[in-house]
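In: return a 3D structure for these sequence lines:
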Amino acid sequence: MDTLMNFAPWQQALFATLFTWAVTALGSALVFAFKTIRSHALALMYGFAAGVMIAASFWSLLDPAINLAEQQDRIPWLVVGIGFAAGGFFLYLADKIIPGIYLKRARTEGSSRATVKRAILLVFSITLHNIPEGLAVGVAFGAIGAAGDGEQAAMLLAATTVAIGIGLQNFPEGAAVSIPLRQGGMSRFRAFMYGQASGAVEPIAGVLGALLVASVNSLLPYALSFAAGAMIYVACKELIPEAHARTKEESHWAIFGIMAGFTLMMVLDVALG
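Out: Here you go, the predicted model:
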C-alpha cells in the first residue's frame, strides 16, 4: 500500500483497472474448459448470465446512481429514469442497425446472424457496464489527490477495495459473454477475445475518471443508470429467451441459472460494496 502512494492518482487508477480487466479475461478463459455442454447445463449458463446482469444492473449501477444523485441534490428517480430508459433505447437502436459487415463476415465464417447479433449486443452491453465501473474506480483514486495528508492512506484503502470488488464481479461477467458465444457456434479463441474485450475499456475509463474527477462525478449517475438499462435490455431480449429455448419442457433449469447468477452477483455487490 505504501508503494502505491508513490504513484500519481491516475497511475494508481491505471494499475487498478488493469487488474479488473485481467479478471474479466480470466472469467472469459473459462470457455477453454468446456468442449460440449448438454442442453440443461447450457440453459443454466444462459440463465446464470442473465441473473448476473440483472443483479449487477441494480446493485452495481442503479443503487449507486440513486445515492450519487441524492448526494448531488438532484431528483434521484428522474436521473436514473432518464439514464435507464436511454440505455435500453440505445441498445434497441443498436439491435436494429447491426452493421452489415459483421453479418457478411459471419456468413463466410459459418456463424449465424443471430449469433453475431448476440455477440455484439453482449459485448456492447457489458462494455457499457464497465465504462462507469472504470470511471468509479478512477474517481475513487482521483479523489486521493484532493484529500489531506492524514486522509490519503484511508482513501487509498477504500479505492483499492472498490477495485477488488469490481474485479471479482468482472469474473462471472467475462464468462457471461464468452460461454454463450461459444455455444452459439464461435471458436473458443474468438469467444474468449470477445469476452476479454468487454473489459478493455476499464483502464481507459479509469484514467479519465482520475484525471477528470470533478466533471465525471456530475455525469456518473446518468452513466451508471444508462449501463443498467442496456444490460436489462440484453438480459430480457437475448439471454432469458435463449435459456428457456434450450429446455422447453424443463424450463426450471433456466430459472435455476437466473437465480444462481442473481444470487452470486447480489452477494458480491452487497458484501464488497
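In: contact partners for the closest residue to Leu121 other than its chain neighbours?
Out: Using Cβ to Cβ, 6 or more residues apart in numbering and skipping residues adjacent in sequence, the residue nearest Leu121 is Val234, 5.2 Å away. Bear in mind the C-beta positions are built from the backbone N, C-alpha and C, glycine included. If a contact means Cβ atoms under 8 Å, 6 or more residues apart in numbering, then Val234 has Met53, Leu91, Leu121, Leu122, Ser125 as its contacts.
In: wait, doesn't the last one sit right on Met53?
Out: Pointing back at Ser125 there. Yes - with contacts counted by Cβ atoms under 8 Å, Ser125 reaches Met53, the gap being 7.4 Å.
In: quickly list what's touching both of these two.
Out: Common neighbours of Ser125 and Met53 (Cβ under 8 Å, 6+ apart) are Met231, Val234.
In: and these two? Which one has more around it.
Out: Met53 (32 against 29; other Cβ atoms under 10 Å).
In: what pLDDT, on average, does the host helix or strand of the more buried one get?
Out: Using DSSP states H and E, Met53 maps to helix 39-55. For helix 39-55, the mean per-residue pLDDT is 82.
In: in the protein, what helix or strand scores lowest on average pLDDT?
Out: Sorting the helices and strands of the chain by mean pLDDT, DSSP states H and E puts helix 100-109 at the bottom, at a mean of 47.
In: once you drop chain neighbours, what's closest to Gly199?
Out: Nearest residue to Gly199, sequence neighbours excluded (Cβ to Cβ, 6+ apart): Thr24, at 3.0 Å.
In: burial of that neighbour, as a residue count?
Out: Look at Thr24: counted by other Cβ under 10 Å, it has 30 neighbours.
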